[in-house]
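**Q** Below are the sequence and a predicted model; questions follow.
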Amino acid sequence: MSEAMIIVGALAGAFGVKGEVRLKSFTSDPEDIALYGPLFTEDGSRSFEVRLTGHIKNAFSARLSGVQTKEQADALRGLQLFVPRKKFPKLPDDEFYYADLVGLSVFDAGGRQVGQIKAVQNHGASDLLEILTDGGSQSVLLPFTRLNVPTVDIASGKIIIDPPEGLFEDSAK
């Protein structure tokens, strides 16, 4: 598939003996995973219609089109599921999808390019931008707050940051 694909879930193997799967959802409202239409493999070579059948600890039990046996369900263990980016709803101006931030150029308030967003991480407390510094192989983690990141301009492919003093100077060593 040529359009951007965004991961929305993963399969953790069979649930029961009649072809149901254990489905982990990565959507903000976990049950919405079934509303995106068919879910695809990353390369788009396979697609599955999804019907949630129940709640399991940290996941759902679900039926996938074309999966009728425990063996077929087990064979899908670890498979990540994606949807085209265009299927995501439009967000308010001050909210962003992680996937839209990755790859943006990062500039300081003085206009100097300092790097590029490599990833967005969240370990429970807050979002962190992982910034790959220019001219180096170092990454810097910057809390994604309005104070540290006053401007996000997805249309022009850049963000402007006002990082704590010394954050980027230390990474250049």
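**A** Perfect, I can see it now. These numbers come from a predicted model, not from an experiment. Numbering: from 1, shown residues only.
**Q** Bridge partners for the closest residue to I33 other than its chain neighbours, pull those for me.
**A** Nearest non-adjacent residue to I33, counting by CB to CB, 6 or more residues apart in numbering: S25, 4.1 Å away. Any C-beta I mention is one placed from the backbone N, CA and C, and that applies to glycine too. Counting by DSSP bridges, S25 forms beta bridges with G9.
**Q** What does the pLDDT read for S25?
**A** pLDDT recorded at S25 is 93.
**Q** same check, this time on M1
**A** With respect to pLDDT, M1 scores 39.
**Q** cool, and E95?
**A** At E95, the pLDDT value in this model is 84.
**Q** coming back round to it: contact partners for the residue nearest to I33?
**A** 8-9, 31-33, 59-60 (CB atoms under 8 Å, 6 or more residues apart in numbering).
**Q** and of these, the nearest to D108?
**A** Distance to D108 across those (CB to CB) is lowest for V8, with 33.9 Å.
**Q** sorry, back to before: which of the contacts of S25 count as buried?
**A** 8-9, 33, 59-60 (16 or more other CB atoms under 10 Å).
**Q** Can you tell me which of these is nearest Q116?
**A** Nearest member of the buried ones among the contacts of S25 to Q116, counting by CB to CB, is V8, at 24.6 Å.
**Q** sorry, back to before: what's the farthest-apart pair in the contacts of S25?
**A** D32 and A59 (14.6 Å).
**Q** thinking again about what came up before, could I get the buried ones among the contacts of S25 as a markdown table with distance to E42 and pLDDT?
**A** Listed next are these as a markdown table, based on distance: CB to CB, whole Å; pLDDT from 0 to 100:
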| residue | distance to E42 | pLDDT |
| --- | --- | --- |
| V8 | 11 | 92 |
| G9 | 12 | 93 |
| I33 | 16 | 93 |
| A59 | 20 | 92 |
| F60 | 20 | 95 |
